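A.B. asks: make a model of this:
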Amino acid sequence: MSREQEEYDMEQEMEIEALEAILMDDIQKLSDSERDDLGLDDVGIATPCYRVKVEAVENAEANTFPPVLGLIFAHTEKYPDELPFLKLESMSSLTVSDLDKLLVLMKEKMEECLGMSMIYELCTEAKEWMQSKMGMDDVIEDEEEAKKRRQEEEDERRAKERAMGTPVTPETFAAWKVKFDKEMEETLGVKKDVNEHKLTGKQFFKSRDVAEVEVSSSDEEEDSLD
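C.D. replies: So this is what the prediction gives:
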């Protein structure tokens, strides 16, 4: 059973609202005179027509001229179960040949997306194509993907360290001892005095004299017993 027209109208309206929320100033409704220039009424399209500004590079630096596409679309009566009206124009640095290649790509994408809202997908596809044209494939990376990749590399590095073990040297032992003492202080709440069991020079000689006296006394007692 085919959809009721009311359902098509509602879905089209929801897509426009979503696009306006996402694209903001990059989507503009065409004026009546611009519609007339496109001849939409002649092909039986009475719905509003929009232009989306698709930039290969957002916030481009001054004196650079990256490609900018004008993606013009209008919903047909039974969209998304039928293809929308679509026209491409160059707003910057796109040749007629570029537009022809992009249009072929857009038609293929529309066929893939038939039955669901597709305008944002078309914009994304066009942007990626322009970036590829500029040779930006290797430098553009989604932030989430980059974060995930860095985390995977860090996990792999730690796994290798655990597998290989850490060589014990005076330096690594000293570093471990400092860390261990700090952890003990935090756990027990008692700061360890590194000089707690260390004797001063004076204390050392006194303790030695006492030991000598004790030894001498023991010897005298043994002589008296003999």
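A.B. asks: which residue ranges form the helices in this structure?
C.D. replies: 5-23, 32-38, 96-112, 119-133, 143-164, 170-188, 201-225 (DSSP state H).
A.B. asks: angle of the first one against helix 119-133?
C.D. replies: It refers to helix 5-23. Computed by axes from the mean of the first three to the mean of the last three C-alpha atoms, to 10 degrees, the angle separating helix 5-23 from helix 119-133 equals 40 degrees.
A.B. asks: what does the third one give?
C.D. replies: Helix 96-112 runs at 140 degrees relative to helix 119-133, counting by the same axes, to 10 degrees.
A.B. asks: report the distance from helix 96-112 to the chain centre.
C.D. replies: Taking C-alpha atoms, centre = their mean, to the nearest Å, one finds helix 96-112 lying 29 Å from the centre of the chain it belongs to.
A.B. asks: using CSV, write out every CA atom in it.
C.D. replies: Output of helix 96-112 as CSV, limited to C-alpha atoms (Å, rounded to 0.1, in the frame of the first residue of the first chain):
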residue,chain,number,x,y,z
VAL,A,96,31.8,22.4,-15.7
SER,A,97,33.6,19.0,-15.9
ASP,A,98,33.7,18.9,-12.1
LEU,A,99,29.9,19.5,-11.9
ASP,A,100,29.2,16.8,-14.5
LYS,A,101,31.2,14.3,-12.5
LEU,A,102,29.6,15.3,-9.3
LEU,A,103,26.1,15.1,-10.8
VAL,A,104,26.8,11.5,-11.9
LEU,A,105,27.9,10.7,-8.3
MET,A,106,24.9,12.4,-6.8
LYS,A,107,22.5,10.4,-9.1
GLU,A,108,24.1,7.1,-8.0
LYS,A,109,23.8,8.2,-4.3
MET,A,110,20.2,9.1,-4.7
GLU,A,111,19.4,5.7,-6.2
GLU,A,112,21.1,4.1,-3.1
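A.B. asks: adjust the sequence numbering to begin at 40 for everything that follows.
C.D. replies: Okay, using 40 as the starting number, the last item reads as helix 135-151.
A.B. asks: what mean pLDDT would you report for it?
C.D. replies: Here helix 135-151 scores 96 as its mean pLDDT.
A.B. asks: what packs against that helix?
C.D. replies: strand 124-131, helix 158-172 (3 or more C-beta pairs under 8 Å, 6 or more residues apart in numbering; DSSP states H and E). (Glycine included, C-beta is placed from N, CA and C.)
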